[in-house]
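Novice: Whatever this is, show me its structure:
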Amino acid sequence: MHYNIFIPLTSSLVSILFAVAVFRRYQRNHGEHLFIWGIGLIFYAIGGACEAFYGAFGFNSLIFRLWYLFGAILVAAWLGQGTVYLLARKNIANFLMGLLFLGSIFAAFRVFSAQIDPSMMTHSLHTGSELSGRAIVTPGVRTLTPIFNMYGTLTLVGGAMYSAWLFWRKRILLNRTIGNILIAVGAIAPAFGGAFSRIGIPSALYLGELIGTVLMFIGFVRTTTPAEKSSQQPARQTAQP
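Specialist: Down below sits the predicted model:
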């Protein structure tokens, strides 16, 4: 199986497993941040699935639009918005969520109504190449990508690093410090992959996405497992005579 099928398909499957883990935790503990993270991970999975489809079957207008909307525009912003709910005041998080929701609807309208030039996409190209971005020829659509991604990167990476610094400064819960660092590194891995893919390394984007989702998944497990253990320990102590 070629790298441009297997790697993004693996990223999609890992993202689905990650989303399931997040939604299960949401069922137990609630919290808007978990729900929004779960949605963002579904977007991650959609993006990977579209990349795998493209690698296997070549250009398809619907698949390309789905990839551009969920994989190129929305995923980072929604993951970052989950971090906003975790760290920011509720009224601020709700306000930013409203803007993101309206912006996502606008982005969906723009992407699905945009004119596409299929000649910019060939079976040998991957979705993250420079030419793939130019396939959308309607003015203004491509400018949405850096806006959403900048917001997502600042909130997700910045929030994870801030949390890691807090735990490190207090010298408590080392696993959470490590977990947040892994989340931050995983969040920026696709950006590095995309940069290398644009200079002629086609597998870099897909590898960056796979490494990113794996690192974030490990980071999530590292940050949540100690909390669960610590919450169970007092119960066992109080039950003892």
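
Novice: Can you report how many residues lie near the residue lying closest to I7 once chain neighbours are set aside?
Specialist: In space, I7 comes closest to Y206 once its chain neighbours are excluded; the distance is 4.0 Å by C-beta to C-beta, 6 or more residues apart in numbering. (Glycine included, C-beta is placed from N, CA and C.) By the criterion of other C-beta atoms under 10 Å, Y206 has 29 neighbours.

Novice: Shouldn't Y206 be within a strand?
Specialist: No: Y206 is assigned helix when assessed by DSSP: H, G, I helix; E, B strand; the rest coil, not a strand.

Novice: Surely it is in contact with A189?
Specialist: No: the criterion here is C-beta atoms under 8 Å, and Y206 misses it with A189 at 11.1 Å.

Novice: Show me which helix or strand of the chain is least confident by mean pLDDT.
Specialist: For the chain, counting by mean pLDDT, DSSP states H and E, helix 130-134 ranks last in confidence among helices and strands (a mean of 56).

Novice: I'd guessed Q81 sits against L100; true?
Specialist: Yes: between Q81 and L100 there is a contact under C-beta under 8 Å: 5.4 Å.

Novice: Looking at the two, which one has more neighbours?
Specialist: Shown here are Q81 and L100; by other C-beta under 10 Å, Q81 has more neighbours (28 against 21).

Novice: Return the residues in contact with the more buried one.
Specialist: By C-beta atoms under 8 Å, 6 or more residues apart in numbering, Q81 lies in contact with 36, 40, 93, 96-97, 100, 152, 155.

Novice: can you check R222 too?
Specialist: 175-176, 178-179, 182 are the contacts of R222 under C-beta under 8 Å, 6+ apart.

Novice: What strand or helix carries the residue nearest to it when sequence neighbours are not counted?
Specialist: Residue nearest to R222 in three dimensions, not counting chain neighbours: G179, with 3.2 Å by C-beta to C-beta, 6+ apart. In the assignment (DSSP states H and E), G179 maps to helix 174-197.

Novice: buried sites along that helix?
Specialist: Using 16 or more other C-beta atoms under 10 Å as the test for burial, helix 174-197 gives 175-194, 196-197.
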